[in-house]
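Visitor: Attaching a predicted model along with its sequence, questions to come.
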Amino acid sequence: MRTSLEELRMLVAVEQHGSLTGAAQELGVSQQAVSQRMRALERRWGLPLFARSARGTGLTDHGALIAGWAAAVLAQADGLESSVAALRADATAHVRIAASLTVAEHLLPGWLVAYGRDPDAAQVELTAINSAVVEERVRAGLDDLGFVETPDPPDGLAALVVARDEVVVVVAPGHPWARRTSVSAAEVARTPLLNREPGSGTRLTLESALAAMLGPGSVAAPAAELSTTAAIRATVLAGGGVAALSERAVRDDVAAGRLVRVRVDGPALVRPLAAVWDPRRRLAPAAARILEIAAAG
């Protein structure tokens, strides 16, 4: 039978206090328990460890020598526990995520709530930016995990599709298109739209699809470039023009009649929403768990 750390702590406590009673009080156990474990050590090691006298129970020379060795072992064990705790805290202190606006606003909140139910969940640092910048940040090691909405897989990154999204054309109820059953892809292409900045996955999805149908150079310059989906949505609600946005972003507005979804002739603009990470770096446990939650839907 191997000697346990608990037994070594008892031996050291007896040496420090000079009695079984003092050791028992320090360790929060009964004096009988300490006495039984110490007698078991003597039998196991075949050495007299304790000298009993009228003043109580102290250690023999052998006992004192072994107690010194035991104290060194306990110090190493305590150091190991502290080092592992520090390593665990460092590994799980935070996880850095970059996400496109569609994912950050409509999908990540639910995923992070699910992740946060774990009492050991790491703090999440979220950066919401366009898909092109997400890819750049992940490649540069600035973020552990990214989420993008581009139609094509990013170069040099591992990717996993976690959801799909449709880009839809919307207008205010007073816009002429609101009364039409559909518009052609050519009409959309030659209409200056309210758009996100270059690098936006939503913009790239629409422009790539129109260019594939109508040819390069067929898409008109934007009427305005706005940096957030919310700004574009607000401008369309105010009657400021036409926009192509994530169906998730305008679902409630369309259902309430605040916006009108315009059917565009041709195939639906469905795009993948993908998690991306650098395959050269091992995913941190927290990032891997968030990826698992996202992939599960």
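Guide: Alright, I've got the coordinates.

Visitor: from here on, contacts and neighbour counts on C-alpha atoms
Guide: Will do.

Visitor: hmm, who's touching stretch 197-206?
Guide: With contacts defined as CA atoms under 8 Å, 6 or more residues apart in numbering, stretch 197-206 is touched by 100, 130-133, 148-151, 167, 195-196, 225-227, 244-246, 269, 271.

Visitor: And it, what's buried?
Guide: Neighbour counts over stretch 197-206 (16 or more other CA atoms under 10 Å) mark Glu197, Ser200, Gly201, Thr202, Arg203, Leu204, Thr205, Leu206 as buried.

Visitor: how would you label Arg261: helix, strand or coil?
Guide: strand (DSSP: H, G, I helix; E, B strand; the rest coil).

Visitor: is it true that it touches Val171?
Guide: Yes - contact criterion CA atoms under 8 Å: Arg261 and Val171 qualify, at 6.7 Å.

Visitor: These two - which one has more neighbours?
Guide: Per other CA atoms under 10 Å, whichever of Arg261 and Val171 has more neighbours is Val171, with 26 against 22.

Visitor: Counting neighbours, what do you get for the residue lying closest to Leu214 once chain neighbours are set aside?
Guide: Spatially, and ignoring its direct neighbours in sequence, Leu214 is nearest to Ala186 (7.2 Å; CA to CA, 6 or more residues apart in numbering). For Ala186, the neighbour count with other CA under 10 Å is 15.

Visitor: in what helix or strand does Ala186 lie?
Guide: When elements are assigned from DSSP states H and E, Ala186 belongs to helix 185-190.

Visitor: Which strands or helices does that helix pack on?
Guide: helix 201-214 (3 or more CA pairs under 8 Å, 6 or more residues apart in numbering; DSSP states H and E).

Visitor: Which other helices and strands does the helix or strand just after the helix it packs on contact?
Guide: For helix 201-214, the following helix or strand on the C-terminal side (DSSP H and E) is strand 224-225. Packing contacts for strand 224-225, counted by 3+ CA pairs under 8 Å, 6+ apart, involve strand 194-195.

Visitor: so how far is the first residue of stretch 145-156 from its last?
Guide: Terminal residues of stretch 145-156 lie 14 Å apart, using CA to CA, to the nearest Å.

Visitor: List of residues touching that stretch?
Guide: So stretch 145-156 is contacted by 96-100, 102-103, 130-132, 134-135, 138-139, 159, 200-202, 204-205, 271-278, 283, 287 (CA under 8 Å, 6+ apart).

Visitor: how about 7 Å then?
Guide: The set of residues external to stretch 145-156 that reach it, using CA atoms under 7 Å, 6 or more residues apart in numbering, is 96-100, 103, 131, 134, 138, 159, 201-202, 204-205, 271-277, 287.
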